[in-house]
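Asks: structural data only, the sequence is not supplied:
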């Protein structure tokens, strides 16, 4: 793909509100995860909840969109001058020429869970009157909220490909710009805590009672988190500007909820993201690294197949938890922070590296000269996406 | 931009497959409402066939219709659906409202919006990219833009599958889609047979179906916003179709056989 300038970006997760808070948490090795309950869930686990979400208010004109997921979007958009950056772009390109691509896995399903609970308590056949499917539960709600909140009217879509959703938004935006459907794009992802994913991953025996420990010999599974992130992408980056240099997508064609053990689909996505860029340029890989036994093992096989065993890599889910449909944009933002700062974060909570893993998983953070960063995201349905970030030539 | 439209598939009440539906879509035969018939996807391996939900089977029905005679494993794909499987959503939210919350692991993996795309890539053993798009009532056109853009991006031809399924109670009142339906297109780079599709943003009012009897179908399921286009394709007739896009936008398609 042609490089796209990342002219603004922001991220909000349990690790903090905005870029500076994330870099600070990374440097201080301060996790956002806590051993706490979500709502009245009774599962023993750690979660990455975003603070103060309950008190976030949406603009009055968009009140119908009110739900946990759109509140998280609102809070996310408010950091790092992102609203202002988009307003300037809107003045430059026109509202109809800026596309909006937002990833999510569960959108506003928390609202539907509450509606069903009230229905049961009231012994009612119908859902409560306040329930608004289109503006909350609908997968598209988060993209429509983002579009309306930013005052944009370009091509808009929610991309919902499980945990690869908000990595794939970069690929879709790049294509749309290349075809002239838009001149610039806001990409992002937002996923919020809900009982569906908590009890769902638990039913698959993928939730760890302990804090998640990516790449650890005794890793037991993931910790769930919630997060939002956005980036503004524009064509023809100036030389040296931070840019998305590649986006590679592939399918495992193997299993609905298990990765291909040979990592072939993941490796294909990484090779496609590299494209014509020399793999020696990759200074750090942000792993998908969910801390489930199967994911970390298959990803290690894939990374080693493409890069050998010497490229420093880590999963940052020890800070944020697995934020599902937001994981792609959160880790894209962390990759950009790594590019800017030269700070390579360690694999947090990893005590003893699994001896069967051969990639160079960082057990201590360090600084380095960073040329390019690769970020991996893989999802249910066997969908894979890798992104390459660096400076534009 | 423009791309080749190589094939299409359709599955809706009274329009059970492109071969059977062609004369109705072309205006050469009247539309006769009919009950839906059950469908078992042919391409799904037995394990996945057992687990696939009604919405996934609905997606497969048009997809298998469109790829007949092609090598489906060589295609990249885009799945466009407003609501994926609301029956699964209903089961999960019902279970989560109970004092003891037990949700089925199969329901959970089927709850992802990209379930159909995952089953498809497994069924046809395609490692090519697949994307899943949602844009509420504009899901067909949003999927079409993504699929058309992919023809420029990839070497592979692109399968677009738009599908949605009727919600069970109590969700039906909140999202009243009136019929199950799916539409599939196979798109390729540049121009070709049976026709070429040009896509541009803008346009005025939405184009209704040429056959007024098909209007309730077009309005009853987001996938069937494709019907006015399919009427042109089936008739081999050149023409323009304007679709409502997201927000206040419009997208105009021009079909040339």
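Replies: Right, received. Where do you want to start? As the structure is a prediction and not an experimental result, all values here were calculated from the model.
Asks: for residue A:214, give me its contacts.
Replies: Neighbouring residues of residue A:214 by C-beta atoms under 8 Å, 6 or more residues apart in numbering or on different chains: A:287, A:289-291, A:296, A:314-315, A:317-318, A:347-350, A:361. (Glycine included, C-beta is placed from N, CA and C.)
Asks: show me the helices in the chain, by range?
Replies: Just so you know, I chose chain A. Remark: helices of chain A, listed N- to C-terminal, are A:19-28, A:68-77, A:82-93, A:109-121, A:141-149, A:165-178, A:195-203, A:264-274, A:293-307, A:317-320, A:327-341; assignment by DSSP state H.
Asks: look at chain B instead
Replies: Taking DSSP H as the criterion, chain B contains helices spanning B:18-25, B:46-51, B:54-66, B:86-96, B:105-110, B:115-124, B:139-153, B:171-174, B:215-220, B:227-235.
Asks: export those helices to a markdown table and tack on distance to residue B:195, mean pLDDT and mean neighbour count?
Replies: A markdown table is the format used below for these (distance: least, C-beta to C-beta, whole Å; pLDDT from 0 to 100; neighbours: other C-beta atoms under 10 Å in any protein chain shown):
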| stretch | distance to residue B:195 | mean pLDDT | mean neighbour count |
| --- | --- | --- | --- |
| helix B:18-25 | 14 | 97 | 18 |
| helix B:46-51 | 33 | 90 | 13 |
| helix B:54-66 | 14 | 98 | 26 |
| helix B:86-96 | 34 | 98 | 21 |
| helix B:105-110 | 36 | 96 | 20 |
| helix B:115-124 | 25 | 97 | 27 |
| helix B:139-153 | 14 | 97 | 27 |
| helix B:171-174 | 37 | 98 | 18 |
| helix B:215-220 | 20 | 98 | 18 |
| helix B:227-235 | 6 | 98 | 24 |
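Asks: coming back round to it: out of the helices of chain A, flag the one nearest residue B:122.
Replies: Ranking the helices of chain A by distance to residue B:122, with C-beta to C-beta as the measure, places helix A:264-274 first at 11.3 Å.
Asks: can you tell me which residues contact the residue in the stretch 1-150 of chain B positioned nearest to chain A?
Replies: Proximity to chain A, evaluated over the stretch 1-150 of chain B using C-beta to the nearest C-beta, is greatest for residue B:118 at 2.5 Å. When the contact criterion is C-beta under 8 Å, 6+ apart, the partners of residue B:118 are A:251, A:256, A:380-383, B:112, B:130.
Asks: among the residues you listed, name the ones in strands.
Replies: Those of the contacts of residue B:118 mapping onto strands are A:251, A:383, B:130, per DSSP state E.
Asks: return the residue of chain B that is most distant from the centre.
Replies: Checked against the mean C-alpha position of chain B, the extreme residue using C-alpha atoms, centre = their mean is residue B:99, at a distance of 37.6 Å.
Asks: how close does it sit to residue B:24?
Replies: As defined by C-beta to C-beta, to the nearest Å, residue B:99 lies at a distance of 51 Å from residue B:24.
Asks: now swap in residue A:372 and tell me
Replies: Applying C-beta to C-beta, one obtains 54 Å for the distance of residue A:372 from residue B:24.
Asks: got it, and residue B:91?
Replies: 35 Å.
Asks: before we move on, what about residue B:146?
Replies: Using C-beta to C-beta, one gets 28 Å for the distance from residue B:146 to residue B:24.
Asks: same check on residue A:60?
Replies: Counting by C-beta to C-beta, the gap between residue A:60 and residue B:24 amounts to 48 Å.
Asks: check contacts around residue B:51.
Replies: A:256, B:106, B:110.
Asks: run through the residues that contact the second one.
Replies: This points to residue B:106. Residues touching residue B:106, when contacts are defined by C-beta under 8 Å, 6+ apart, comprise residue B:51.
Asks: count the residues that sit near the residue nearest to residue A:45 when sequence neighbours are not counted.
Replies: Once flanking residues are discounted, residue A:45 sits nearest to residue A:207: 5.1 Å by C-beta to C-beta, 6 or more residues apart in numbering or on different chains. Counted with other C-beta atoms under 10 Å in any protein chain shown, the neighbours of residue A:207 add up to 25.
Asks: from what I see, residue A:207 and residue A:222 are in contact.
Replies: Yes - using C-beta atoms under 8 Å as the test, residue A:207 is close enough to residue A:222 to be in contact (6.3 Å).
Asks: please give me every residue in contact with residue B:54.
Replies: Counting by C-beta under 8 Å, 6+ apart, residue B:54 makes contact with B:85, B:87, B:165, B:180.
Asks: apply 10 Å and report the result again.
Replies: Listed by C-beta atoms under 10 Å, 6 or more residues apart in numbering or on different chains, the contact set of residue B:54 reads B:38-39, B:85-88, B:165-166, B:168, B:180.
Asks: ok, and of those, which contact chain A?
Replies: Residues of these in contact with chain A (C-beta under 10 Å from any C-beta of the partner chain): residue B:86.
Asks: among the contacts of residue B:54, name the buried ones.
Replies: Among these, those that count as buried by neighbour count (16 or more other C-beta atoms under 10 Å in any protein chain shown) are B:39, B:85-88, B:165-166, B:180.
Asks: nearest to residue A:273, of those?
Replies: Distance ranking of these against residue A:273, using C-beta to C-beta, places residue B:85 first at 30.7 Å.
Asks: any idea what the most centrally placed residue in chain B is bridged to?
Replies: Taking C-alpha atoms, centre = their mean as the criterion, residue B:162 is the residue nearest the geometric centre of chain B, at 1.6 Å. According to DSSP bridges, the partner residues bridging residue B:162 are residue B:80, residue B:183.
Asks: in this structure it contacts residue B:146, no?
Replies: No - with contacts defined as C-beta atoms under 10 Å, residue B:162 does not count as touching residue B:146, sitting 11.1 Å away.
Asks: list residues touching both of those two?
Replies: Listed contacts common to residue B:162 and residue B:146 are B:78-80, B:133; contacts here mean C-beta under 10 Å, 6+ apart.
Asks: could you export the residues you listed as TSV, including pLDDT and neighbour count?
Replies: Supplementary listing: the shared contacts of residue B:162 and residue B:146 in TSV, determined by pLDDT from 0 to 100; neighbours: other C-beta atoms under 10 Å in any protein chain shown:
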residue	pLDDT	neighbour count
B:78	98	27
B:79	98	35
B:80	98	32
B:133	98	35
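Asks: pLDDT wise, what is the closest residue to residue A:165 other than its chain neighbours at?
Replies: Once its chain neighbours are removed from consideration, residue A:165 has its nearest residue in residue A:103; the separation is 3.0 Å (C-beta to C-beta, 6+ apart). In the prediction, the pLDDT value recorded for residue A:103 is 98.
Asks: nearest to residue A:268, of the helices of chain B?
Replies: helix B:115-124 (12.2 Å).
Asks: how far off helix B:54-66 does the closest one point, in degrees?
Replies: Between helix B:115-124 and helix B:54-66, the angle formed by their directions is 50 degrees, by axes from the mean of the first three to the mean of the last three C-alpha atoms, to 10 degrees.
Asks: which residues does residue B:8 contact?
Replies: B:18, B:21-22, B:25, B:62, B:65-66, B:160, B:183-187, B:194, B:226, B:229-230, B:233-234.
Asks: again, 8 Å this time
Replies: Residues touching residue B:8, when contacts are defined by C-beta under 8 Å, 6+ apart, comprise B:18, B:66, B:183-186, B:230, B:233.
Asks: mind pulling up the pLDDT for the closest residue to residue B:173 other than its chain neighbours?
Replies: Among residues not flanking residue B:173 along the chain, residue A:126 sits closest, at 6.3 Å (C-beta to C-beta, 6+ apart). According to the model's per-residue confidence, residue A:126 sits at a pLDDT of 97.
Asks: okay but residue A:126 is in contact with residue B:170, surely?
Replies: Yes - using C-beta under 8 Å as the test, residue A:126 is close enough to residue B:170 to be in contact (5.3 Å).
Asks: sounds good, over and out.
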